[in-house]
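> I would like to see how this sequence folds:
(chains A and B)
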Amino acid sequence: MSKSFSNGVWSVKTNKGTIMDASSMAAAEERLQIPVPEMIFGQNEITVTHQSGWKLTFNALDALDLVDKTGNKSGHLQVAYSEEWRKSRENNSHGHDVSKIHRPFDWTYSTDYKGTETPPKLVENANTKIPFEKLKQQKPIVLFDEVPLYEDELGDNGMVTFSEKIRVMEDDMLILVRLYLRVDDVVFRIRDTRVYIDFQTGHVIRSYIEKEDSFKNVRKRVPIGSTDHTQLLRDPNWIDSVLPTTKSMTYDCKL
Amino acid sequence: MDNLTSTHNLDECIERTMRRELLPQPVLAALCNKLKELLIKESNVVHISSPVTVVGDIHGQFYDLLEIFKVGGNCPDTNYLFLGDYVDRGLFSVETITLLVCLKLRYPSRIYLVRGNHESRGITQSYGFYTECVRKYGTPKVWTLFTDVFDFMTLSVVVDNQIFCVHGGLSPSIQSIDQIKVIDRFKEIPHEGPMADLVWSDPDETRAQFSISPRGAGYMFGKDIVKVFLERNGFDHILRAHQLCQSGFEILFDDQLSTVWSAPNYCYRCGNMASICEIQENGERFFNVFDASADNEHHMQTAAETNIVEYFL
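Numbering: from 1, shown residues only, chains lettered A, B, ... in the order given. Model (predicted):
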């Protein structure tokens, strides 16, 4: 399934298909050199093209290529009961050598991918920002799509999803690419890349925000008297509203 | 209580659940209590004979469960072995587990229910079943009833003394099935130990032996481990579920192990196929592949689906 929009200067295309089959996943592992998430939407992407040839695209494999492949940079995060699990195993391995992790990597698939840009034009600019007031005026949307890129259930220890949304209006457009991570009883993490394009001025603004907090701290923010606290803890929008920002960057360019 | 679980009433319960009616809470309580009495008699390793059709994860995809009975035949005309993960993630976990509970009570030797890692109090509070019970019944009582039943489900089934069937996989603590038989299974699934491994572990094509998951808990087992386990126990195959397969099934380790996956278009967006594994009387395995039931879309007009355009910021 694909959708497209063009106004002569800018064109937008979205593409959606099924998850990768076993042979495509094997090829992806070969390229990325890490075990890949169980759901990769390999054909899915959003691409924005300017008539000058500038192109910005978001796809799963480029995003996964930026995942920490050794686990060293991401601090070897472990599931909540890992310590307990290991201790009980130390004297109970039945002759199997299972003392260490064979191939550590960032199994949360926390990418800091901000899109694939050719040729690179966007430069960091702390003085620019996305005009949210303008975006709050609900002008008619000519193209909307929601495109998942990858997901993993973390062996039922939480979830990670990496997906994008786009809305194109007559005068401007917005893309939101979100990494959402929950490791049960450990951590919540959100990484948002937004791309705003003003079609009148050719101004392209990209923002990147990291938000993170411990599971324990987030649980404290669940309102007292909530009948089902598990529901709020599974609602990414609520989580987004209570997580503190830990990093923020903006970029822009004019086309 | 007993009249609620009579054959006549069970037939009515099955019929109503097939129409996706929710059974009243007192009826569910009677059914769950009766089922515990039945399941407590099952061994941790149940021996059955072919022909039997083996079903993998369903995850509350009720319309796809009905599709399975269309593709594979109705119970009890076809014998069924379900490998767990009945609840969570899908929209109809309550209906799915209700139907399976009724069928097991009605035809106890025609259908077997193995426990998966989602048949657990802890997991179902994080992945949807708890919330669904509260939403559909207005109280967590129904969730308590079902999760109490989960504690009684068997851990493994052996078909024709040849095929070892389990939800997840092998454990370094288990060399022979006698070590499964002695597990005290009537409890919440622990975080570690052989009972946890049986419902959690995954095969690993890159390593021949056991290895620890990069997540810091849980095992992966390789080809040599499978070979030794099969030889020691006189089996020729391991049939398990637990992992999503885009084509509905996957065969590994020179056909010594296969994964069966029975939730098509998983989470209503993956676009994957599903399958059921039909074990015939001559021991042959046939993966009957099927696609998502068309009824899903018809019954799935959720708020998110109808509100196609969103003014996100």
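
> and B:Ser49, how many neighbours?
Number of residues near B:Ser49 (other C-beta atoms under 10 Å in any protein chain shown) recorded here: 11. (C-beta placed from N, C-alpha, C; glycine too.)

> near chain A, which residues of the stretch 51-200 of chain B?
By C-beta under 8 Å from any C-beta of the partner chain, the part of the stretch 51-200 of chain B that sits against chain A consists of B:117-118, B:123, B:125-128, B:130-131, B:134, B:172-173, B:175, B:191-193, B:200.

> Swap in 7 Å and give it another go.
Within the stretch 51-200 of chain B, the positions adjacent to chain A are B:117, B:123, B:125-126, B:130-131, B:134, B:172-173, B:191-193 by C-beta under 7 Å from any C-beta of the partner chain.

> What is the most widely separated pair among those?
Greatest spatial distance in those: B:Val134 and B:Pro172, 38.3 Å, computed using C-beta to C-beta.

> Quick one: residues contacting residue 115.
Answering for chain A, as no chain was given. Residues in contact with A:Gly115 (C-beta atoms under 7 Å, 6 or more residues apart in numbering or on different chains) are A:56-58, A:193, A:195.

> let's do chain B instead
Per C-beta under 7 Å, 6+ apart, neighbours of B:Arg115: B:84, B:150, B:153-155, B:167, B:199.

> Looking at these, spot the one nearest chain A.
Ranked by distance to chain A (C-beta to the nearest C-beta), the contacts of B:Arg115 are led by B:Val199 at 10.0 Å.

> about what we covered before: taking the residues of the stretch 51-200 of chain B next to chain A, please make a PyMOL selection of just the buried ones.
To isolate the buried ones among these in PyMOL, judged by 16 or more other C-beta atoms under 10 Å in any protein chain shown, type:
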select buried, chain B and resi 117+123+125+126+130+131+134+172+173+191+192+193
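
> Of the residues of the stretch 51-200 of chain B next to chain A, which belong to helices?
Judged by DSSP state H, the subset of these located in helices is B:123, B:125-126, B:130-131, B:134.

> Skip the chain neighbours and tell me the closest residue to B:Asn3.
Using C-beta to C-beta, 6 or more residues apart in numbering or on different chains and skipping the chain neighbours, the partner closest in space to B:Asn3 is B:Asn9 (6.8 Å).

> picking that back up, closest one of the residues of the stretch 51-200 of chain B next to chain A to B:Ala29?
Nearest to B:Ala29, judged by C-beta to C-beta, of those is B:Val134 at 16.5 Å.

> ok, back up a step: buried subset of the contacts of A:Gly115?
A:56, A:58, A:193, A:195.

> can you tell me the residue of the stretch 151-300 of chain B closest to chain A?
Nearest to chain A in the stretch 151-300 of chain B, going by C-beta to the nearest C-beta, is B:Gly271, at a distance of 2.8 Å.

> Please enumerate the helices of the chain.
Went with chain A since none was named. All helices of chain A, identified by DSSP H, fall at A:22-32, A:60-64, A:82-90, A:132-136, A:215-220, A:229-233, A:236-242.

> Switch to chain B, please.
Residue ranges of the helices in chain B, as given by DSSP H, are B:7-18, B:25-39, B:62-72, B:93-106, B:121-126, B:129-137, B:141-150, B:178-181, B:194-200, B:223-233, B:295-298, B:303-306.

> Can you pull out the residues in contact with the second one?
Spelled out, it's helix B:25-39. B:1, B:4-5, B:13, B:98, B:101-102, B:104-105, B:108, B:137, B:141-142, B:145-146, B:148-149, B:152-153.

> Extract the C-alpha trace of it and format it as CSV.
Taking Å, rounded to 0.1, in the frame of the first residue of the first chain, the C-alpha atoms of helix B:25-39 are listed here in CSV:
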residue,chain,number,x,y,z
GLN,B,25,-19.3,-14.5,35.9
PRO,B,26,-20.9,-17.2,38.1
VAL,B,27,-20.9,-19.6,35.1
LEU,B,28,-17.2,-18.8,34.5
ALA,B,29,-16.4,-19.5,38.1
ALA,B,30,-18.1,-22.9,37.9
LEU,B,31,-16.3,-23.7,34.6
CYS,B,32,-12.9,-22.7,36.0
ASN,B,33,-13.3,-24.7,39.2
LYS,B,34,-14.4,-27.8,37.3
LEU,B,35,-11.5,-27.4,34.9
LYS,B,36,-9.0,-27.2,37.7
GLU,B,37,-10.3,-30.6,39.0
LEU,B,38,-9.7,-32.0,35.6
LEU,B,39,-6.3,-30.5,34.9
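
> Can you point out the buried residues in that helix?
Within helix B:25-39, the residues that qualify as buried are B:27-32, B:34-36, B:39, counting by 16+ other C-beta under 10 Å.

> ok, A:Asn217 - how many residues close by?
13.

> let me redo that: B:Cys245
Using other C-beta under 10 Å, the number of residues around B:Cys245 comes to 24.

> how near is it to B:Ser258?
Distance of B:Cys245 to B:Ser258, computed by C-beta to C-beta, to the nearest Å: 9 Å.

> residue contacts, the residue of chain A found nearest chain B?
Nearest to chain B, among the residues of chain A, is A:Thr18, at 2.8 Å (C-beta to the nearest C-beta). For A:Thr18, the contact set (C-beta under 7 Å, 6+ apart) comprises B:270-272.

> Most neighbours out of these, which is it?
In the contacts of A:Thr18, the most neighbours by other C-beta under 10 Å go to B:Asn272, 23 neighbours.

> That one contacts A:Ile19, doesn't it?
Yes - B:Asn272 lies in contact with A:Ile19 (C-beta atoms under 7 Å); the separation is 5.7 Å.

> which non-adjacent residue is nearest the residue nearest in space to the middle of chain A?
Per C-alpha atoms, centre = their mean, the C-alpha nearest to the average position across chain A is that of A:Leu179, at 2.4 Å. Excluding the flanking residues, the one nearest A:Leu179 by C-beta to C-beta, 6+ apart is A:Arg191, at 4.1 Å.

> Fine by me, thanks again.
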